[in-house]
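# sequence first, predicted coordinates after that:
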Amino acid sequence: MKIDENLAAIHSYLCADGYVIKNPTTQKQKYYIIGLRNTNLILLKDFQKRFEKAFNIQPHLDEGQRCRIGSKKIYEELTKNFGSFYSKDWHIPQLSPKLAKIWLRAYFDCEGWVYCKKHQNRMIGAECINEKGLNQVREYLKMCGIFSNIKKKSTRDIFILSIYGKENLIKFQNEIGFLHPDKKEKLNLTIKDFMKYKWEFPKEKEKLNEFVRETIKLKSRIRKDNGIIRMISKEEDNLLRLQKELNRIFDIQSKVNKSINGLGTVYFELDINKHEDVLKIVKNNLLNEKEKEKWKKLKQKG
């Protein structure tokens with residue numbers, strides 16, 4: 001079967017929330033059913049429309065429940081060309097970048113979710129028992145320039161794919177997107193939730209000194225293993241300016257380094273690693289309560 005846009009979406013729908021089944025051999029009554037279970041009418045109608053274009057027959061739609069059809073011929077075509085559609089067994093066929101985006105859109109419309117904890121944690125996620133299939137999803141996301149990771153749940157054989165970072169979420173929105181209206185709106189709101197990364201340093205000296213003090217309290221983190229204090233930002237200029245003001249106000253030396261996390265996201269880190277400079281941070285009361293407790297425990301350890 002030649003895979004076009006319609007068949008790419010149909011295949012994805014069936015892998016995510018669909019079924020391609022026939023009767024057990026122990027049953028006398030024969031049936032061959034292809035269908036999509038979903039409560040969202042937009043997705044059901046999209047499946048119905050694409051199915052009719054691909055196979056010249058319209059499946060029956062039960063609004064808010066499923067869209068399905070019985071056909072031995074189509075069942076055999078699908079299973080012969082794509083194998084099993086069961087949750088543990090499905091796999092993504094080889095797709096062009098254009099078709100991969102259509103496949104991913106249908107998959108995340110069914111299986112994906114958008115999570116946003118205001119100004120703290122924002123992500124697109126999907127979970128599945130099919131680790132190999134989910135790894136394929138990750139590779140096709142990477143083809144689109146979207147980085148993700150996969151972790152296994154500690155209590156069950158379920159794997160969770162997570163997409164973090166403003167750049168990745170914007171790229172997902174632009175390259176793949178959602179047809180599901182609620183998920184589409186949630187992604188819009190999630191992207192808007194990202195704070196401005198460029199810090200605005202006041203010009204007035206007293207306000208500038210207070211801004212530096214509060215920023216250090218907010219951003220400083222003590223590493224439990226070696227006592228180094230670090231601050232992180234997406235913008236190098238933020239830390240370079242903070243480095244300058246730290247030296248001016250408190251005579252504290254620091255280093256600014258570029259880093260890349262496991263998802264390929266670039267960020268910058270300001271490190272205060274000399275013992276005498278760390279002590280100046282403590283003596284000037286520049287740590288928040290949580291980091292103060294870490295410092296006390298480090299002192300007790302010696």
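Cool, the structure landed. This one's a predicted model, so the numbers in the text were calculated from it and none came from an experiment.

# element containing K45?
helix 41-55 (DSSP states H and E).

# ignore the last one, E127
strand 121-128.

# and that strand, C-alpha only, in CSV?
Output of strand 121-128 as CSV, limited to C-alpha atoms (Å, rounded to 0.1, in the frame of the first residue of the first chain):
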residue,chain,number,x,y,z
ASN,A,121,6.8,23.0,34.7
ARG,A,122,5.4,22.9,31.1
MET,A,123,5.4,19.8,28.9
ILE,A,124,3.7,17.7,26.2
GLY,A,125,3.5,14.1,27.2
ALA,A,126,2.3,10.7,26.0
GLU,A,127,2.4,7.3,27.6
CYS,A,128,2.4,3.8,26.1
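
# that strand pairs with which strands, parallel or anti?
Using DSSP bridges, the strands paired with strand 121-128 in its sheet are strand 112-117 (antiparallel), strand 159-164 (antiparallel).

# wait, what's in contact with N81?
By C-beta atoms under 8 Å, 6 or more residues apart in numbering, the residues touching N81 are M1. Bear in mind the C-beta positions are built from the backbone N, C-alpha and C, glycine included.

# list the buried ones in the host helix or strand of it?
N81 is part of helix 72-82 when elements are defined by DSSP H and E. Neighbour counts over helix 72-82 (16 or more other C-beta atoms under 10 Å) mark 74-75, 78-79, 82 as buried.

# same question for stretch 227-234.
Within stretch 227-234, the residues scored as buried using 16+ other C-beta under 10 Å are 227, 229-231, 233-234.

# wait, which of those is closest to L189?
Proximity of the buried residues of stretch 227-234 to L189 (C-beta to C-beta) peaks at K234, which lies at 20.3 Å.

# tell me how far that closest one lies from W90.
Separation of K234 from W90 (C-beta to C-beta, to the nearest Å): 37 Å.

# hmm, back to that, next, the angle helix 41-55 makes with the helix holding N81.
Helix 72-82 and helix 41-55 meet at an angle of 90 degrees, taking axes from the mean of the first three to the mean of the last three C-alpha atoms, to 10 degrees as the criterion.

# roughly how far out does helix 72-82 sit from the chain middle?
Taking the mean of its C-alpha atoms, helix 72-82 sits 33 Å from the chain's own mean (C-alpha atoms, centre = their mean, to the nearest Å).

# average pLDDT across the strand holding E127?
Strand 121-128 shows an average pLDDT of 94 in the prediction.

# next, count neighbours for L43.
Per other C-beta atoms under 10 Å, the neighbour tally for L43 reads 22.

# which non-adjacent residue is nearest it?
Spatially, and ignoring its direct neighbours in sequence, L43 is nearest to D109 (5.7 Å; C-beta to C-beta, 6 or more residues apart in numbering).
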